[in-house]
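*Asks:* Structure, please.
(2 chains)
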Number of protein chains: 2
Amino acid sequence: MENRFCRGFTAGAVAAGLKKQKGVKDLGVIYSEVPASVAGVFTRNRVQAAPVRLDRERIASGVCRAVIVNSGNANCCTGSKGMADAVSMARLAAEGLGVAEEDVLVASTGVIGQPLDIEKVARAMPDLMETLGPDRLMDVAEAMLTTDLVPKIVSRTGVIDGHPFTVVGVAKGSGMIRPDMATMLCFVCTDAAAAPEILRNALTRAVERSFNRITVDGDTSTNDTVLLMANGQSGAVVDSPDKEAVFGPALDAVLLELARMIVQDGEGATKLVEIAVSGAESDAEAMAVADAVAHSNLVKTALFGEDANWGRIMAAVGRAGVPVDPDRIAIRFDDVLMVENGTGCGEAAEARSAEVLKKPAFTISVALNMGEGRASALTCDFSVEYVRINADYRS
Amino acid sequence: MENRFCRGFTAGAVAAGLKKQKGVKDLGVIYSEVPASVAGVFTRNRVQAAPVRLDRERIASGVCRAVIVNSGNANCCTGSKGMADAVSMARLAAEGLGVAEEDVLVASTGVIGQPLDIEKVARAMPDLMETLGPDRLMDVAEAMLTTDLVPKIVSRTGVIDGHPFTVVGVAKGSGMIRPDMATMLCFVCTDAAAAPEILRNALTRAVERSFNRITVDGDTSTNDTVLLMANGQSGAVVDSPDKEAVFGPALDAVLLELARMIVQDGEGATKLVEIAVSGAESDAEAMAVADAVAHSNLVKTALFGEDANWGRIMAAVGRAGVPVDPDRIAIRFDDVLMVENGTGCGEAAEARSAEVLKKPAFTISVALNMGEGRASALTCDFSVEYVRINADYRS
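*Replies:* Here you go, the predicted model:
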C-alpha cells in the first residue's frame, strides 16, 4: 500500500465531543500491528497530568502496542478520578484493539482542572476502531490540535543493511512552548527495529536538539509527552553505533522539522526567528544568552512591530546571567550588521534591517566575541493575537 | 513654606526636546541646598547605560548635591560618546547649580542605542535652573515618564528625637519591570541625616522588599537606578539601631507604595494582582513560586481575560524548580477557595471567583502546605495594549 505512513502501523481519529466545537476530531489512536519497542520523554513540570504519570510507569516495560490521545481536556489536576480516567481510557482502547491494557499509552491535551468525560470516550471507541487505517495519521494529527492552526506531520527515510526504513512523527503544540518541553505532544513511529535503550538515547538527544530549543511564550506544560515506537517491520535493525549513526539523523530531522512547525504555528505568531549566538565562553553560556533573547517579551513584541529595536536584544543579552563584554557584541539581522562593538551601525543599517524584519523567517545573530561557544534557539514574534487567544481560551 | 516636598531640596523640569512628543517635560533636576549623604542601587544587567556606570563611580564618595535626569533617550549602547555625554550632562548641571561636577549624578531612560542629543540638554539648562523650586518635584516625576501614564510621588513622615522628618520619593517605570530591578528610576530625598553606610543598608533592604518583588513583563533594564539622598535639614539624625528602626519603615513604605504604583501603571495593565505564596519549605522557595506565577504570560493573559484559569497557576507552580506536592496545593482568589488538594472546587467556586476577577486589585494565594516559607510578588495582567505599546515603541 503506497500511502501507508509507516509499515505495520495504523491510525485513526473521531469527534468524541470532548472539544467545545462540535464535530471536530478530538480522539485519536496510533496502533502497531506487532509489539513495538518504545521510549518516551516527558515534562519536567512538577505538576504532571494523570496520563503522563501513567505513561511513565508503563513505559518501563519498553513495549507498547498503541497510544490513545485526546484534545479538549488535559486530564490534569483532576485527582484520583483523573488517574482512574486515564487508566480507563487505555483499557477501552486495549479492548477495542484486542491488546493488553498495560501495552497502551495515553496522552491528553487541553484545559487543566476539569474532569475528563470518560463516557464520551467510551461511546466513541467503537467508531474510533472503525476509522483505523494505514493512511490515517493526518486524522490523529488533527485530533491532537488545541490552539494550533495546522496539523503537523513529518516523515524521513533511511536505509540500513539494504532495508529502507521510515521515521514519521506527528506533533501538536502552540502555546506554553519553551525549552524543557511545552504543551506539546509528539508521537513518532518507525518501522526500524531497536531496543528500548537505543531508542531512549536517540530520542533524548533528538529532543535536546529540537523541542528543547524552541520557545513561544516561556511557559511549560503539565502534559508534554514525546513517544517513539519502533516495530521493526522494515527489516532495518538499529543495533550498533554505525546503524545508530543512520537512524539518529533521520529521527533528529523529523523532530527538528516538527519543532520548527510548532514555533511557526505559535499562538498568534507571524514570524519564525532563529536566535543564533556565537563567541560565548561555552555552548551552555551561548544557550543561556539565546534563551534570554528568545524569551524576551520586549524583543518579541518588537519583532511583531517589525521594529529593529536592537537595544532590547542588548538588554536581554545583559540579563542572561553570563559574563559578556557589551563593547564586543555584534548583532546581525540576517546579513545586515546592526550593532558592532556594542553600538549601533546607524540609519543605513536600520533601513536595510527593516527589509529583513518584513520577512516571515529570518535569523538574528549575536556574536559575543569572547570564546568559541555557540547555540541557537527558535522563537516567534509576540502579537496582539497571542493575548486575545489566551485571554479567551476557556470561555 | 508649607508645600515644599522636603526641607533643603528643590526640583524642577523642562521640555528639552529629547522626547519625540514636543513640549513634553523630559529633563529634570533634584537639588540639595547642602551636601547630602547618598546611597544607590543599580541594575544587575551586564549591559549598563553610561549614566549607570558614571553614578557607580561617583557614589563611592557618599556625597551628592544633585541628580539630573532625562527621558526620551537611555544613553545606553552609545559607546564612548555616551559616557562623554553623561559626564557633560552632569557638568552642565553642576555649572548651573554652582556645585562640584563630581557631586552630580545622572540618570537617563528611553530608547537604547541612539546617541543623546547633548546640545539640547545644554540649550535647556538655563531654563531648567529657573524652574527650580521647593514645590516642583511633581515636574520631575513627569519629566521621567516614558510609557508610564501617571507620575509617581510618595511621601512619608516620622519623628526622631522630637524632630519630624520626611522621606519622599519619585519613580518611573512601566515596562521592563521584574525582580532584580527594571527600567525604573527612583529618587528618594529625606531631610533626616544619616551616614552613607546606614543609607546603603536601609536602601538595599527596602529595594529587596519592594522593587525586587514586582513584575510587569519579565524583562530587566540597562538603566535601573535607585538613589537615596539625605541632607539632614530636619535635625533628625539616624545614627543608631533605634533610629534606623524609625527611619527604615518610612523608607520601606515609600518604596513599597511606589512599587505598587509602578505595577498598577504597568504597560497596558488593567489589574494589580498580588501573588501570595505560603507553606513552602523556605522563604526563598516561596519566592521562586511567586515569581514563576507572577511572570507567566499564560496566567497574565488569563487575568486580562478575567478567566479563573487556575490550571495555568498550577502549571506555573510546577515549573518553579522547587519541590511541591501538587496534591497538597490550595489556591484562593481573595477569599474564594478555587483549588483544594490540587483539584478544582467546582462551579460554585468558579462563579464566585468571577466576581473577584472583575476587581481592579486582588490577591491570588497559593498554599503549598509543605512548610513555613512565605513570600509575595506583585504583578499585573497582560493585555492586548501591552503588545501594541511595545510593538510600536520606537516608531
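
*Asks:* Run a quick neighbour tally on A:Gly98.
*Replies:* 8 (other CB atoms under 10 Å in any protein chain shown). Backbone N, C-alpha and C define where each C-beta goes, glycine included.

*Asks:* And it, what's its pLDDT?
*Replies:* According to the predicted model, the pLDDT of A:Gly98 comes to 97.

*Asks:* Locate the residue of the stretch 251-395 of chain A found nearest chain B within the secondary structure: which element?
*Replies:* Scanning the stretch 251-395 of chain A for the residue nearest chain B gives A:Gly311, at 2.4 Å (criterion: CB to the nearest CB). Using DSSP states H and E, A:Gly311 maps to helix A:310-318.

*Asks:* the longest strand in chain A is where?
*Replies:* Using DSSP state E to define each element, chain A has its longest strand at strand A:27-42.

*Asks:* Alpha carbons only: can I get that one in CSV?
*Replies:* What follows is strand A:27-42, C-alpha atoms only, in CSV (Å, rounded to 0.1, in the frame of the first residue of the first chain):
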residue,chain,number,x,y,z
LEU,A,27,-9.8,11.4,20.0
GLY,A,28,-7.2,9.5,18.1
VAL,A,29,-5.2,6.3,18.2
ILE,A,30,-2.0,5.0,16.7
TYR,A,31,-1.6,1.2,16.7
SER,A,32,1.2,-1.1,15.9
GLU,A,33,0.2,-4.4,14.5
VAL,A,34,3.0,-6.1,16.3
PRO,A,35,4.6,-5.3,19.7
ALA,A,36,6.8,-2.2,19.3
SER,A,37,9.8,-1.1,21.4
VAL,A,38,9.1,2.3,23.0
ALA,A,39,10.9,5.2,24.6
GLY,A,40,9.5,8.4,26.0
VAL,A,41,10.4,11.9,27.2
PHE,A,42,8.1,13.7,29.5
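
*Asks:* Next, the angle from the next helix or strand after it to strand A:27-42.
*Replies:* The helix or strand immediately downstream of strand A:27-42 is helix A:50-58, counting by DSSP H and E. Taking axes from the mean of the first three to the mean of the last three CA atoms, to 10 degrees, one finds helix A:50-58 and strand A:27-42 inclined to each other by 60 degrees.

*Asks:* and helix A:50-58, what does it pack onto?
*Replies:* With contacts taken as 3 or more CB pairs under 8 Å, 6 or more residues apart in numbering or on different chains; DSSP states H and E, helix A:50-58 sits against strand A:27-42, helix A:79-97, strand A:104-109, strand A:225-230.

*Asks:* Can you check which of the ones you listed gets nearest to B:Met370?
*Replies:* Closest to B:Met370 of the helices and strands packed on helix A:50-58 is helix A:79-97 (CB to CB; 18.7 Å).

*Asks:* is that closest one anywhere near chain B?
*Replies:* Yes - judged by CB under 8 Å from any CB of the partner chain, helix A:79-97 and chain B are in contact via A:Gly79, A:Gly82.

*Asks:* How far does that helix sit from its chain's centre?
*Replies:* When C-alpha coordinates are averaged (CA atoms, centre = their mean, to the nearest Å), helix A:79-97 and its chain have centres 24 Å apart.

*Asks:* what sits up against it?
*Replies:* Contacts to helix A:79-97, defined as CB atoms under 8 Å, 6 or more residues apart in numbering or on different chains, come from residues A:29, A:31, A:49-51, A:53-54, A:65-66, A:68, A:70, A:75-76, A:78, A:100-101, A:103-106, A:108, A:115-116, A:118, A:121-122, A:125-126, A:128-129, B:327, B:341-343.

*Asks:* Would you work out how far apart the start and end of stretch A:209-226 are?
*Replies:* Using CA to CA, to the nearest Å, the gap from the first to the last residue of stretch A:209-226 comes to 14 Å.
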